[in-house]
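[1] Below is the sequence, then the predicted model.
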Amino acid sequence: MADQMVRLYLTRFESVFRILHIPSFWNEYERYWSDPTEAETVLQLKIQLVTAIGTSIIRQDTVDTTDIYSTARQGLYATQEWLSGPMKKNRISIDSLQVQCLLILARQALAAGGDIVWISMGTVVRTAMQMGLHRDPKHFTRMGILQGEIRRRLWATILELNVQAALDAGVPPTLSFDDFDTEAPSNVNDQDMDEQTKALQEHPPTAATDSSLQRFLFRSLRPRLEVARRMNGLTSRPSEMSMSYNELIALTASLTSTCRSCDAHIPRTHSASSDMASFHHNLADLLLRRFILHLHRPLAGRARTDPRYYFSRKTSLDAALAILSPIPKNAEFAHLVLLGAGIFKHRMIHASLAVASELLMEVEEHRPVGFHSPSQEPSGYRKMLMEALREALRQAAERIRLGETNVKLHMKLRMALRQTEVAGENSSSLQQLAESAKESLETSYAMIQERATSEGVEINNESGRDRGMSADFDLDDFDPESFTLGSNFNFNLDDLFFLPAEFDMDGVAAP
């Protein structure tokens, strides 16, 4: 089982997040199994984390995952405890840094504190800079070829994890291109170098290697850092953060072009299956495309009153649809984004709400004239949006079935779908929304109860507390019996789906 999980990690995640030198890791892995009791703690933790990440994409129809996920998360907690222990000099090492990066990825893949990894990323970044990873290995003349390449790869991975975490946390990135001079990893395969390598023979820039996908993401880092800085930065004077619409379009064009060329940088060998290639494509595309969605979603709602923002409206929807239903389809990736937190959870929230917002705008723009006007047959465009929203609702429900305890997204999407389905009818819109919300809460409550029962968790309805579930779990959030929309008949879905003015990019000038 461990062998299978390790192979899943190495063949799926390692091409995007370069943390390990694969031949060296296999040597360590074999040495560990030859005598586990004598292995160093850092090696044990490294193997536990690699195995844990592999479990996040294991097929559920082949094995009972309940115990496997529980065991994997125990490895994460053990690692966190080790990292929180007394600081010693031997903790400042490449092995320790690899453990920290693996832990950040594992927490998101297995939804174990994955929504707050930005806090931990501060420690990772500072540890790496303390070790000098922000300076290119060419400055260290005594450093070996293999060691230098591992440092370049680790630094590129840290930059990737950092910008993704900053985007999700709503804070500016902690690094800029002025803070480091480390170059992109060399375009080589892992088997091309070892401890004895004296000179590196790089492949042509266009050749796909074990490092080409990470090199590709590294080249796109500058525009993504700029998006995160523009979206999340604070300034004393709004004019300092202003960005013309032409600048916004230029950023979008750069990221869109990068997404289109992603496939060319995915390594394909005679042994690489289509599943591997599609997983790599889906994961890399998500890491890129979500920045387009974050950039344009706050502006898309402005198109309701200002048609000059139609570009943002269309771009936001296109990015959301591509994120919700990535092509090519990959079952392993689909499971990962439904199970995971952080990158994988926020992808779901922003994409689904963007689709719901567009659908509500479409309904508003084509609302029948007159209170008693008969309802019209939905257009092909509206039907397409409704199907996309139903898919988002299905994914939200599946996330709850897999352990998500925040049910508000599912409720919002159900309400938006009901609002669309009853458009033009004479029944009370508020009553329809209340019924759809209650149905959603009942469905979510039943799924959480079923999962709690299967895991032997007791939910105490009287005290409103639970034993063994997420700290975010709160019965008051979804108790169907106590749910009410109140008596405010001015209630509308703008409060749920359209970003308030203070979240808009006020510095962005109209075209």
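    Received it, and whenever you're ready, just let me know what you need. Residues are numbered from 1 along each chain as shown.
[2] Residues contacting stretch 35-55, please?
    By Cβ atoms under 8 Å, 6 or more residues apart in numbering, the surrounding residues in contact with stretch 35-55 are 2, 4-10, 12-13, 20, 25, 28-29, 31-32, 65, 68-69, 72-73, 75-76, 78-79, 82, 93, 95-96, 98-99, 102-103, 105-106, 109-110. C-beta: built from backbone N, CA, C; applies to glycine.
[3] Now list the buried members of these.
    5-6, 8-10, 12-13, 20, 25, 28-29, 32, 65, 68-69, 72-73, 75-76, 79, 82, 95-96, 98-99, 102-103, 105-106, 109-110 (16 or more other Cβ atoms under 10 Å).
[4] And the helix or strand containing Asp168, what's buried?
    When elements are assigned from DSSP states H and E, Asp168 belongs to helix 145-169. Neighbour counts over helix 145-169 (16+ other Cβ under 10 Å) mark 145-146, 148-169 as buried.
[5] Might you report the residue contacts of the residue most central in space within the chain?
    Taking Cα atoms, centre = their mean, the centroid of the chain lies closest to Ile343, which sits 1.6 Å from it. With contact set as Cβ under 8 Å, 6+ apart, Ile343 has these partners: Gln108, Gly114, Gln164, Asp168, Leu286, Leu287, Arg290.
[6] same thing with Gln80?
    Contact analysis of Gln80 by Cβ under 8 Å, 6+ apart lists Leu103.
[7] can you tell me which residues contact Leu221?
    Each residue near Leu221 by Cβ under 8 Å, 6+ apart is listed here: Leu159, Glu160, Val163.
[8] what about the second one, distance to Thr405?
    Counting by Cβ to Cβ, to the nearest Å, the gap from Glu160 to Thr405 is 28 Å.
[9] same question, the first one
    Note on Leu159: its distance to Thr405, by Cβ to Cβ, is 32 Å.
[10] do the last one as well
    The spacing between Val163 and Thr405, counted by Cβ to Cβ, is 28 Å.
[11] now Ala250
    Ala250 sits 41 Å away from Thr405 when distances are taken as Cβ to Cβ.
[12] The two: which is more packed in?
    Comparing Ala250 with Thr405 by other Cβ atoms under 10 Å, the one with more neighbours is Thr405, at 19 against 13.
[13] Pretty sure the more buried one sits against Tyr445.
    No - between Thr405 and Tyr445 there is no contact under Cβ atoms under 8 Å: 10.8 Å.
[14] Strands of the protein, start to end?
    459-460, 465-466 (DSSP state E).
[15] Comparing those strands by mean pLDDT, which bottoms out?
    Within those, confidence is poorest for strand 465-466, with a mean of 40 (mean pLDDT).
[16] buried set for stretch 112-122?
    Using 16+ other Cβ under 10 Å as the test for burial, stretch 112-122 gives Ala112, Gly113, Gly114, Asp115, Val117, Trp118, Ser120, Met121.
[17] How about residues contacting that stretch?
    Contacts for stretch 112-122 (Cβ under 8 Å, 6+ apart): 73, 76-77, 100, 103-104, 106-108, 158, 161-162, 165-166, 168-169, 171, 174, 340-345.
[18] related to what we said a few turns ago, can you pick out the ones from the contacts of stretch 35-55 that are in helices?
    Under the assignment DSSP state H, the contacts of stretch 35-55 contribute 2, 4-10, 12, 25, 28-29, 31-32, 65, 68-69, 72-73, 75-76, 78-79, 82, 95-96, 98-99, 102-103, 105-106, 109 to helices.
[19] nearest residue to Glu14 other than its sequence neighbours?
    Nearest residue to Glu14 in three dimensions, chain neighbours excluded: Leu20, at 6.3 Å (Cβ to Cβ, 6 or more residues apart in numbering).
[20] List the contacts of the one you found.
    By Cβ under 8 Å, 6+ apart, the contact set of Leu20 is Leu10, Glu14, Val50, Gln98.
[21] distance of the last one from Gly403?
    It stands for Gln98. Distance of Gln98 to Gly403, computed by Cβ to Cβ: 27 Å.
[22] next one: the third one
    Computed with Cβ to Cβ, the distance linking Val50 and Gly403 is 22 Å.
[23] count of neighbours near Val227?
    Neighbour tally, Val227, other Cβ under 10 Å: 22.
[24] any idea how far it lies from Pro173?
    In terms of Cβ to Cβ, Val227 sits 10 Å off from Pro173.
[25] now do Glu455
    Taken as Cβ to Cβ, the span from Glu455 to Pro173 is 38 Å.
[26] out of these two, which sits in the more crowded spot?
    Each of Glu455 and Pro173 has its neighbours counted (other Cβ under 10 Å); Pro173 has more, 25 against 14.
[27] hang on, isn't the more buried one packed against Ala228?
    Yes - with contact defined as Cβ under 8 Å, Pro173 and Ala228 form a contacting pair (5.0 Å).
[28] residues shared between the contacts of the two?
    By the contact definition Cβ under 8 Å, 6+ apart, Pro173 and Ala228 are jointly contacted by Val163, Ala166.
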